[in-house]
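K.L.:
Sharing a model that was predicted from the sequence below.
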Amino acid sequence: MKTVSTIIVLACSTALGGTPQRAYIIEGSAFFGAPGIELATIGVVDLADPSQVSVISQGAVDLRFGGADIRPGTGEFVGFENTTNSMRVFDLVNNGNTLIDSTGYMDSGVAGMAYSNDGSIAYITTTVGAFVRVLQVDAATAMPMSVHNILTDAVSSLAVVPKGHPTLTPGDLYGLALTGFGGLRLVQFDLDTNTVASTQPVFGIGFQAQFETGLDFAPDGTLYAAIQGFDEVSPDVFVEISSHLFTINTASGTATDLGVIEGDQTWDSVTLVIDDAPVGCAADITGEGNLNLQDVFAFLALFNAADPAADLAAPFGTFNLQDVFAYLALFNAGCP
């Protein structure tokens, strides 16, 4: 079974009702010579149809990213690179990345990453032997703050409960744990005691999961997961299953399949991260608190520069009149 690493980040494009519209993803399987597109190519997936994926830029050609998130308060798209154990800010317009610093303390391997709700702390995880290591680091400097070794099954994705969640405690840290039989459990970590505070089996995946998974909460509290796996079609004959996008009911563990994450290439094993930063008024580009022609001019400047912030309508990854119409609809709807 090959090991691969792809990252998904549900990004800041949001419908008027607050529902996420798209996700950024990063392909990592080429690091191992596996099928798929080039290593660390960043794409955008349409959440209404996860099979629609558009390539937009290149994060790196010789690094393997095992986790990512959009930092609340800054909007920076940050990845955890788990061969050098470093945090890096992606450049979605000009390709490449900028080093924040190395975190240390982590064994090389597939990892997960998530920010605290205020964006001050980054949580990073890898599985080390029979336990999971969770590292808390300063989000601005990547300086380690604390190290937590927790006895549980392999975990390669983290999610932080957002503010205002209807049933769970905001700020609590969750992960998807892979059992020895290809099943998944939703686990809550207690970093104060270095234990698993709660566990919930996940049902309805439809195939045996592999190690790498993705997990995060949408701002409205919906829990999303991205899961890759395999199926035994006959005795000792296995077929790899491309990553699927799911929602998971946190109370029952029931998973709902939203579709396969696959465009013109296979996007394998994912870490999924939803932007939990406040959306504000999407049409107020200048941030002045009111809408006027300066906002329109600012949007057109982003559009002409092919900035991802102006890519508001499917097909994502392209810039056309549909993006302009989408912005004008936001502008005409006004600000709260």
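P.N.:
Received it, and whenever you're ready, just let me know what you need. Note that the structure is predicted; figures quoted are calculated from it, not measured.

K.L.:
Please count neighbours and contacts with C-alpha atoms only from this point.
P.N.:
Noted.

K.L.:
surely V147 meets T126?
P.N.:
No - using C-alpha atoms under 8 Å, V147 is not in contact with T126; the gap is 11.5 Å.

K.L.:
Quick one, grab the pLDDT at the nearest residue to F77 once chain neighbours are set aside.
P.N.:
Among residues not flanking F77 along the chain, I70 sits closest, at 4.5 Å (C-alpha to C-alpha, 6 or more residues apart in numbering). We have a pLDDT of 86 for I70.

K.L.:
what's near enough to touch the residue lying closest to F331 once chain neighbours are set aside?
P.N.:
Among residues not flanking F331 along the chain, A283 sits closest, at 5.1 Å (C-alpha to C-alpha, 6+ apart). A283 is in contact with 291, 295, 327, 330-331, 334-335, counting by C-alpha atoms under 8 Å, 6 or more residues apart in numbering.

K.L.:
contacts for the host helix or strand of T126?
P.N.:
Using DSSP states H and E, T126 falls within strand 121-128. Residues from elsewhere that reach strand 121-128 (C-alpha under 8 Å, 6+ apart): 67, 80, 106-116, 132-139, 142, 154-158.

K.L.:
which phi and psi does the residue nearest to F77 have?
P.N.:
The phi and psi values for I70, taken as degrees, to the nearest 10, are phi -100, psi 120.

K.L.:
wait, isn't it in contact with F80?
P.N.:
No - using C-alpha under 8 Å, I70 is not in contact with F80, being 11.6 Å away.

K.L.:
neighbour count winner among those two?
P.N.:
F80 (27 against 24; other C-alpha atoms under 10 Å).

K.L.:
May I ask which helix or strand encompasses that one?
P.N.:
Applying DSSP H and E as the criterion places F80 in strand 77-81.

K.L.:
What number of residues are in the vicinity of T247?
P.N.:
Residue crowding around T247 was assessed by other C-alpha under 10 Å; the count is 19.

K.L.:
so how far is F325 from it?
P.N.:
30 Å (C-alpha to C-alpha, to the nearest Å).

K.L.:
Kindly report the same for T125.
P.N.:
According to C-alpha to C-alpha, T125 and F325 sit 41 Å apart.

K.L.:
Between those two, which has more neighbouring residues?
P.N.:
T125 (31 against 13).

K.L.:
From G112, how far off is that one?
P.N.:
Applying C-alpha to C-alpha, the value for T125 to G112 is 5 Å.

K.L.:
Tell me the secondary structure of P162, please.
P.N.:
Three-state assignment for P162 (DSSP: H, G, I helix; E, B strand; the rest coil): coil.

K.L.:
How about the contacts made by V45?
P.N.:
For V45, counting by C-alpha under 8 Å, 6+ apart, the contacting residues are 22-25, 51-54, 261, 316.

K.L.:
hang on, the earlier thing: now a PyMOL select for only the buried ones of the contacts of A283.
P.N.:
In PyMOL, a selection of the buried entries from the contacts of A283 looks like this (16 or more other C-alpha atoms under 10 Å):
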select buried, resi 291+295+327+330+331
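
K.L.:
Can you lay out the contacts of A283 as a markdown table showing pLDDT, distance to A301 and secondary structure?
P.N.:
Shown next, in a markdown table, are those (pLDDT from 0 to 100; distance: C-alpha to C-alpha, whole Å; DSSP: H, G, I helix; E, B strand; the rest coil):
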| residue | pLDDT | distance to A301 | secondary structure |
| --- | --- | --- | --- |
| L291 | 83 | 16 | coil |
| D295 | 87 | 10 | helix |
| Y327 | 86 | 13 | helix |
| L330 | 80 | 17 | helix |
| F331 | 83 | 16 | helix |
| G334 | 76 | 20 | coil |
| C335 | 71 | 21 | coil |
